[in-house]
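J.: kindly return the folded structure for what I paste below:
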Amino acid sequence: MKPSDFWKNFNLGEELQISGAFLYNSLFHLSGTRNFHKEFECFEVLYNAAVGIERLQKVAIILSDHNDTLDQSRFEDALKTHDHFKLMQRIRKFSNFNLGPDHNRLLHLLADFYKVYRYKRFEISSVLDYNDERYILSQFISVGLKMKITYEGFYPDPITDQMRRYFGKALIKVSEILFDIIQEISRNLNLYTTEIESSSKAYRIFLQKEFTFENELNFKKEILIYLLSLENTEPVLSYLKQMKPIELDGSMGDYIEFLLNSSKDPSLIDELHSRYDDMETKEKRDRIELLKIIGENFNYIDFDEEGYNDF
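T.: Numbering: from 1, shown residues only. Sure, this is the predicted structure:
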């Protein structure tokens, strides 16, 4: 296999996985964000989306434009850009696709974020500039949904499922167009660039094309309900119920919400640190050893074995 074929087959295939992971992370961060009030939360959404789309665009360009006769250094230098809209225009030269107004606005949003807003706080002029990540992300959604979004003050508007779906649908549509282009070119070149692991984040983005985490959250809730319905004779449940619980002072609602999505309120973990600080060193070490089993495949654990009956 020629080095260029290996490059396009395997290295770019790995880039596809990486791109999908960034896009997944963008939507995941948005799913756990309550409002647009915090810059760093909006930054995570935009940064992951921008990097994911850009890497996807460059995979498509390499597969289409590269050949063994061109100047490799000049070709690679031409890829060193972060303008998502211009990259899409370059892709349009070898592929026909339709982008709606929302999708073009998204490309401009990601380009503006990556070229301007990503490093804006390193400039002293940012002190007097209030158009940050919160503004451009909420503005993108508010224009698309024709609604006003307040992200400042003591009572910022919450991010609704409608807002998440709007952003997610636009992001998935652009990634779908690019993935389809990559798939067609790689097929014509007899390459396997688009082979994706079914357990990966990229599989969720490019093949399942899910842009919300509603199904995942619902499944977690169904699992929770199922576990609570089991009889004590079930070995897994018996193991859990024999463990003495630590004292927790929060509300049941907060704990269930943390189980479903720990990123919504990471500060709850402080309670764990506090309880562990109250334990003797050996007590804490023994408890952590018992906790390690939870989440492993219980089917391969013999609960009658010595050591699993002493909690």
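
J.: please make it C-alpha for all contacts and neighbour counts, starting now.
T.: Noted.

J.: Glu289: how many residues sit nearby?
T.: Counted with other CA atoms under 10 Å, the neighbours of Glu289 add up to 10.

J.: tell me the spacing between it and Glu234.
T.: 21 Å (CA to CA, to the nearest Å).

J.: now swap in Ala111 and tell me
T.: 54 Å.

J.: what residues of the helix or strand encompassing Leu109 count as buried?
T.: In the assignment (DSSP states H and E), Leu109 maps to helix 101-115. Judged by neighbour count using 16 or more other CA atoms under 10 Å, the buried positions of helix 101-115 are 102-103, 105-114.

J.: same check on stretch 40-58?
T.: So stretch 40-58, judged by 16+ other CA under 10 Å, has buried residues 41-58.

J.: next step: these restricted to strands.
T.: Taking DSSP state E, every one of the buried residues of stretch 40-58 sits outside strands.

J.: which one is Ser64 nearest to, not counting chain neighbours?
T.: Counting by CA to CA, 6 or more residues apart in numbering, Ile185 is the residue found nearest to Ser64 once chain neighbours are left out, at 6.8 Å.

J.: give me the neighbour count for the one you found.
T.: So Ile185, with other CA under 10 Å, has 17 neighbours.

J.: quick one: the buried residues of helix 101-115 as JSON lines, columns for pLDDT too.
T.: Listed next are these as JSON lines, based on pLDDT from 0 to 100:
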{"residue": "Asp102", "pLDDT": "97"}
{"residue": "His103", "pLDDT": "97"}
{"residue": "Arg105", "pLDDT": "97"}
{"residue": "Leu106", "pLDDT": "97"}
{"residue": "Leu107", "pLDDT": "97"}
{"residue": "His108", "pLDDT": "96"}
{"residue": "Leu109", "pLDDT": "97"}
{"residue": "Leu110", "pLDDT": "97"}
{"residue": "Ala111", "pLDDT": "96"}
{"residue": "Asp112", "pLDDT": "95"}
{"residue": "Phe113", "pLDDT": "96"}
{"residue": "Tyr114", "pLDDT": "95"}
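
J.: name the residues that touch the helix holding Leu109?
T.: Among residues not part of helix 101-115, those counted as contacts by CA atoms under 8 Å, 6 or more residues apart in numbering are 46-47, 49-50, 82-85, 133, 136-137, 140, 144, 170-171, 173-174.

J.: which residues in the stretch 101-250 of the chain form helices?
T.: 101-115, 133-145, 161-188, 201-206, 214-229, 235-242 (DSSP state H, counting those that start in this stretch).

J.: winner for burial among the ones you listed?
T.: Highest mean neighbour count among those (mean count of other CA atoms under 10 Å): helix 201-206, with a mean of 22.

J.: what about that helix, average pLDDT?
T.: Taken as a whole, helix 201-206 has an average pLDDT of 93.

J.: which strands and helices sit next to it?
T.: Counting by 3 or more CA pairs under 8 Å, 6 or more residues apart in numbering; DSSP states H and E, the packing neighbours recorded for helix 201-206 are helix 12-31, helix 161-188.

J.: just so I know, which of those lies nearest Ser64?
T.: Among the helices and strands packed on helix 201-206, helix 161-188 comes nearest to Ser64, with 6.8 Å by CA to CA.

J.: now do the closest one, average pLDDT.
T.: 96.

J.: and that helix, how far out from the chain's middle?
T.: 15 Å (CA atoms, centre = their mean, to the nearest Å).

J.: got the angle between it and helix 12-31?
T.: Interaxial angle of helix 161-188 relative to helix 12-31 (axes from the mean of the first three to the mean of the last three CA atoms, to 10 degrees): 170 degrees.

J.: if you average pLDDT over stretch 92-101, what comes out?
T.: In this model, stretch 92-101 has a mean pLDDT of 93.

J.: centre of the chain versus that stretch, how much separation?
T.: Worked out by CA atoms, centre = their mean, stretch 92-101 lies 26 Å from the chain centre.
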